[in-house]
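[1] the following comprises the amino acid sequence and a computationally predicted model.
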Amino acid sequence: MSDVFEVDVTLAWQNENAIVGVPKIKNVPSVVTAPHDREPKCLAPVLKGDFDLATLESVTPGIAGGLHFKMTTTFPDVVVSQVCSSTKLARAKKATDEQEMMIPQPTLLAMGMSDQNTMLSPDKKSLILKNVSGFTGWVWTLTPTPK
């Protein structure tokens, strides 16, 4: 499964990453491939609609210069295995989640620092971050541009 959203946000990093203007948000539909039950011998779930892991609703100033994301996960009706020999219908629902993300200073690009969760892109114009704050399993690409 994969999901993508893009945020174009102007930050005044000299002013604790204050947001300048209104962030532009672009949500891309999630892609679900090869759903399966936790038990390999059981029937795979059958989605009866679109699943969307994270629809970004808003981006606002967060704590200590970070960004606050409000996201919605949309679960469709799903036919799921019940004791491997029968199925049941799990009804559609929506869930809202809010997470904070600390934004690294763009000076990290010049420093060339990297570790298991922070790397420079091959063109050295972006920071690639993994497992940031509450976003375990996500990969972020931050591309600062001067204004």
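    Received, thanks.
[2] how near is Pro40 to Gly137?
    22 Å (Cβ to Cβ, to the nearest Å). Heads up, the C-betas are built off the backbone N, CA and C, glycines and all.
[3] equivalent analysis for Ala92, please.
    Counting by Cβ to Cβ, the gap from Ala92 to Gly137 is 23 Å.
[4] higher neighbour count, these two?
    Ala92 (14 against 6; other Cβ atoms under 10 Å).
[5] hey, where'd the helices end up in this structure?
    Ranges of helices within the chain are 107-111, based on DSSP state H.
[6] please spell out which residue in the chain sits farthest from the middle.
    Computed with Cα atoms, centre = their mean, the residue of the chain farthest from its C-alpha average is Ser85, at 34.9 Å.
[7] strands along this structure, start to end?
    Here the chain has its strands, by DSSP state E, at 2-12, 18-31, 46-47, 52-61, 67-75, 78-82, 86-90, 93-101, 118-120, 127-132, 135-142.
[8] I'd like those laid out as TSV, including mean pLDDT and distance to Thr107.
    Below are the strands of the chain laid out as TSV (pLDDT from 0 to 100; distance: least, Cβ to Cβ, whole Å):
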stretch	mean pLDDT	distance to Thr107
strand 2-12	92	13
strand 18-31	95	17
strand 46-47	96	44
strand 52-61	96	21
strand 67-75	96	18
strand 78-82	95	46
strand 86-90	95	47
strand 93-101	95	18
strand 118-120	91	12
strand 127-132	90	11
strand 135-142	90	13
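[9] can I get those in JSON lines with distance to Leu109?
    Formatted as JSON lines, the strands of the chain follow (distance: least, Cβ to Cβ, whole Å):
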{"stretch": "strand 2-12", "distance to Leu109": "14"}
{"stretch": "strand 18-31", "distance to Leu109": "20"}
{"stretch": "strand 46-47", "distance to Leu109": "40"}
{"stretch": "strand 52-61", "distance to Leu109": "22"}
{"stretch": "strand 67-75", "distance to Leu109": "18"}
{"stretch": "strand 78-82", "distance to Leu109": "43"}
{"stretch": "strand 86-90", "distance to Leu109": "45"}
{"stretch": "strand 93-101", "distance to Leu109": "18"}
{"stretch": "strand 118-120", "distance to Leu109": "7"}
{"stretch": "strand 127-132", "distance to Leu109": "7"}
{"stretch": "strand 135-142", "distance to Leu109": "9"}
